[in-house]
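Chemist: Predicted model and sequence follow; I will ask about them next.
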Amino acid sequence: MSATLTPETEALLDAILPHVAFDGWSSDAFTAAARDAGMSLDHAHAICPRGATDLAILFHRRGDSAMVSALQTADLDGMRFRDKVAYAVRTRLDVITDKEAVRRGMTLFALPHLAPEGSKLIWDTADAIWTALGDRSDDVNWYTKRATLSAVWGSVVLFWLGDNSPATANTTAFIDRRIDNVMQFEKVKSAVAKNPLTKPFAQALGALTAPIKPPSDRPRDVPGKWDLPS
């Protein structure tokens, strides 16, 4: 069973972060976190069966939740949709409370047995962004939008980790370039759907449906594909 964000796991997560910079998301850091949180190691393992790995996952999920909260109160009116997506990606970076914890997390989830979990976390971030922006697609676009944004997010994090520019301004410019790349992909996808030679293939993909149909009360302001620049 995966750990969930509760007052106890939040306390453990806060306690482990100072140790992650030195010991990574390791058993030593987890042991120190339990001690600092005033919790027995047995109880800490009872609420986080995989130890530091569970806390690394919760750290990522807490960042996603903070991003969603920030987007819900942001004034996005008047923005082009591609700018809303770029703003959301930048916001996800801005809510990160510990850059070194992210760096160490990249190392952790690069391990072969944890790589699928790391990929799922990236996908979940992309899904959280689209959902927060009101996405209602329920066909193949549900998958392609999350897949392309997952690729964007992964590359952005790698760039950001090495960015020492003031206020990581270079990262903001990098995000804009990557979003522009996605716009080009959407143009190609649109062309494939209209080309007589590839239209049957596009129609076959169109038969795909999203895993969970979006709630009927979700805002209907997001088209099935990203708005293309004029």
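Modeler: Cool, got the structure. Numbering: from 1, shown residues only.
Chemist: Show the contacting residues for residue 114.
Modeler: 53, 108 (CB atoms under 8 Å, 6 or more residues apart in numbering). C-betas here are computed from N, CA, C, even on glycine.
Chemist: Please read the previous query as pertaining to residue 44.
Modeler: 12, 30, 33, 34, 37, 51.
Chemist: which two from the residues you listed end up farthest apart in space?
Modeler: Greatest spacing in the contacts of residue 44, by CB to CB: 37 and 51 (13.4 Å).
Chemist: Can you give me the buried ones in stretch 12-20?
Modeler: Residues of stretch 12-20 classed as buried: 12, 13, 15, 16, 17, 19, 20 (neighbour count, 16 or more other CB atoms under 10 Å).
Chemist: Over to stretch 139-158?
Modeler: Using 16+ other CB under 10 Å as the test for burial, stretch 139-158 gives 140-142, 144-146, 148-154, 156-157.
Chemist: Those in helices, which ones?
Modeler: Among the buried residues of stretch 139-158, the members found in helices (DSSP state H) are 140-142, 144-146, 148-154, 156-157.
Chemist: Report all helices and strands that the host helix or strand of residue 128 contacts.
Modeler: In this assignment (DSSP states H and E), residue 128 forms part of helix 115-132. Packing partners of helix 115-132 (3 or more CB pairs under 8 Å, 6 or more residues apart in numbering; DSSP states H and E): helix 52-73, helix 81-94, helix 99-108, helix 140-161.
Chemist: let's go with 7 Å and repeat that
Modeler: helix 52-73, helix 81-94, helix 140-161 (3 or more CB pairs under 7 Å, 6 or more residues apart in numbering; DSSP states H and E).
Chemist: Centroid-nearest residue for this structure?
Modeler: Centroid-nearest residue in the chain: residue 125, 2.0 Å away (criterion: CA atoms, centre = their mean).
Chemist: Tell me who's in contact with that one.
Modeler: 64, 92, 153 (CB atoms under 7 Å, 6 or more residues apart in numbering).
Chemist: could you redo these as TSV and give each row pLDDT and distance to residue 41?
Modeler: Listed next are those as TSV, based on pLDDT from 0 to 100; distance: CB to CB, whole Å:
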residue	pLDDT	distance to residue 41
64	98	28
92	98	33
153	96	34
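Chemist: re earlier: and the ones in helices among the buried residues of stretch 139-158, which is closest to residue 118?
Modeler: Nearest member of those to residue 118, counting by CB to CB, is residue 154, at 9.3 Å.
Chemist: From residue 58, how far out is residue 69?
Modeler: Counting by CB to CB, to the nearest Å, the separation of residue 69 from residue 58 is 16 Å.
Chemist: who's more crowded, the two?
Modeler: residue 58 (21 against 13; other CB atoms under 10 Å).
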